[in-house]
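*Asks:* sequence and predicted model, in that order:
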Amino acid sequence: MLTLVTGTTGQVGRRFVPRLLAQARPGRVRVLVRDAERAEPFAGSGAEVVVGDLRDDGVLGKAVAGVDAVVNIAASFRGVPDDEAWAVNRDVAVALGRAALAAGVQRFVQVSTGLVYGLGRGRPLTEEDEIRPGGEMWGAYTESKAAAERELLALEGLDVRVGRLVFVYGEGDPHLAQSLMWARNWASAQRLQMVHHADVAQGLLRLLYAPGVAGRIYNISDDAPVTALELHELNGVEVPAELHDRTDPDPWLGITSTERIRRELGFRPLYPSVWSARDAGAL
């Protein structure tokens, strides 16, 4: 199965591709990059490289030609202008899906975010929950990712599977340190659901290779959300005294269930908690 991966130079993509290459036969992984130099490590490991911009229709056609599956990791993250978030997260994703459908691609894995759920439900969030805008993290990033999900899943004839990632960390990813941008303004017991890069890759590979899961959505996360207090401890930063005076306005915001991916795809986190990743030296 020849698999195209987008977003390969981002935090998730550059850690996912080597794991895909380790499982795939030589010559069965294609990566799309804007900068050929940044793809050299992948090429050296046997990946086929296509250079170009996802927003170029001609590049899309070339990228999906002869491909059996697509894993779309490309995204414009929080903090970018709203028009860029919509252009990359929705418009480009849907254009890629349509190009894949026209090229006869068999499977399309869309990498999304657990932030699309919005407000909490008083329990772990499940894939059947409707989207409810709200919460500090809601904005163009999450709205555009939710729209991409809807439009891709509506493409008749394309086998789309969606993986919703929670807060990703590990293997030198700066996200763990960046978490304090929010955690320093939280209540001490306010929680963040996380997932290690190794388990992101595991989850996406299970979505990619599983038969008979067209149209399914899966949460990908670890088993143990961490508190704002613990995030400060993990980063070696003193806990601000005011954290203890605050209350959590939505204790179930972003807390997700992995029952479906466990039951249907056999997912079990390699790092069930950030503490197990720390003990293994995998932060």
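*Replies:* Looks like it came in fine. Here the structure is a predicted model, which is why all the values come from computation and not from measurement.

*Asks:* any idea how far the residue nearest to Gly46 when sequence neighbours are not counted lies from Arg15?
*Replies:* Excluding its sequence neighbours, the residue lying closest to Gly46 (Cβ to Cβ, 6 or more residues apart in numbering) is Pro26, at 4.8 Å. Where C-beta positions appear, they are placed from N, C-alpha and C, glycine not excepted. Going from Pro26 to Arg15 by Cβ to Cβ, to the nearest Å gives 20 Å.

*Asks:* who's more crowded, the two?
*Replies:* Taking neighbours as other Cβ atoms under 10 Å, Pro26 and Arg15 compare with Arg15 leading, 20 against 9.

*Asks:* that's a helix at that one, yeah?
*Replies:* Yes - looking at Arg15 with DSSP: H, G, I helix; E, B strand; the rest coil, it is inside a helix.

*Asks:* could you look up the SS state of Leu229?
*Replies:* helix.

*Asks:* apart from its neighbours in sequence, what residue is nearest Arg216?
*Replies:* Once flanking residues are discounted, Arg216 sits nearest to Arg161: 5.7 Å by Cβ to Cβ, 6+ apart.

*Asks:* which residues touch the helix or strand Arg263 falls within?
*Replies:* Applying DSSP states H and E as the criterion places Arg263 in helix 259-265. With contact meaning Cβ atoms under 8 Å, 6 or more residues apart in numbering, helix 259-265 is reached by 126-127, 203, 206-207, 210, 213, 216, 218-220, 267-268.

*Asks:* ok, stretch 128-145 next?
*Replies:* Defining contact as Cβ under 8 Å, 6+ apart, one finds that stretch 128-145 is touched by 75-78, 80, 82, 85-86, 88-90, 112-113, 115-121, 146, 182, 250, 253-254.

*Asks:* how close does Glu264 sit to Leu158?
*Replies:* Taking Cβ to Cβ, one finds Glu264 at 20 Å from Leu158.

*Asks:* one more: Val166?
*Replies:* Taken as Cβ to Cβ, the span from Val166 to Leu158 is 26 Å.

*Asks:* same check, this time on Arg262
*Replies:* Per Cβ to Cβ, Arg262 is found 26 Å from Leu158.

*Asks:* let me know the helix or strand that the spatially closest residue to Val92 that is not a sequence neighbour is in.
*Replies:* Excluding the flanking residues, the one nearest Val92 by Cβ to Cβ, 6+ apart is Leu54, at 4.7 Å. In this structure, Leu54 sits in neither a helix nor a strand according to DSSP H and E.

*Asks:* what about the strands in the stretch 101-250 of the chain?
*Replies:* Counting by DSSP state E, counting those that start in this stretch, the stretch 101-250 of the chain has strands at residues 107-113, 159-165, 167-169, 191-192, 194-196, 217-220, 226-227.

*Asks:* list of residues touching the fifth one?
*Replies:* Applying Cβ under 8 Å, 6+ apart, the set of residues contacting strand 194-196 from outside is 165-171, 203, 220-222, 225-226, 269-271, 274, 277, 282.

*Asks:* chain center to it: distance?
*Replies:* Relative to its parent chain, strand 194-196 has a centroid offset of 10 Å by Cα atoms, centre = their mean, to the nearest Å.

*Asks:* who does it pair up with?
*Replies:* strand 167-169 (parallel) (DSSP bridges).

*Asks:* now what about the partner strand, what contacts it?
*Replies:* Residues outside strand 167-169 that contact it (Cβ under 8 Å, 6+ apart) are 11-12, 175-176, 179, 192-197, 200, 254, 274, 277, 283.

*Asks:* next, give me the two most distant ones among those.
*Replies:* The distance between the two most remote of those (Cβ to Cβ) is 20.4 Å, for Gly254 and Leu283.

*Asks:* which ones among the contacts of strand 167-169 lie within helices?
*Replies:* Taking DSSP state H as the definition of helices, these contribute His175, Leu176, His197, Val200, Val274, Ala277.

*Asks:* buried ones only from those, please, as a PyMOL command.
*Replies:* Typed into PyMOL, the line below selects the buried ones among these, using 16 or more other Cβ atoms under 10 Å:
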select buried, resi 176+197+200+274+277
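
*Asks:* any chance of the ones in helices among the contacts of strand 167-169 in CSV, with pLDDT too?
*Replies:* As requested, these are exported to CSV (pLDDT from 0 to 100):
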residue, pLDDT
His175, 94
Leu176, 96
His197, 98
Val200, 98
Val274, 98
Ala277, 98
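
*Asks:* Thr81 and Gly172, how far apart?
*Replies:* Just to correct that, residue 81 is Pro rather than Thr. 28 Å.
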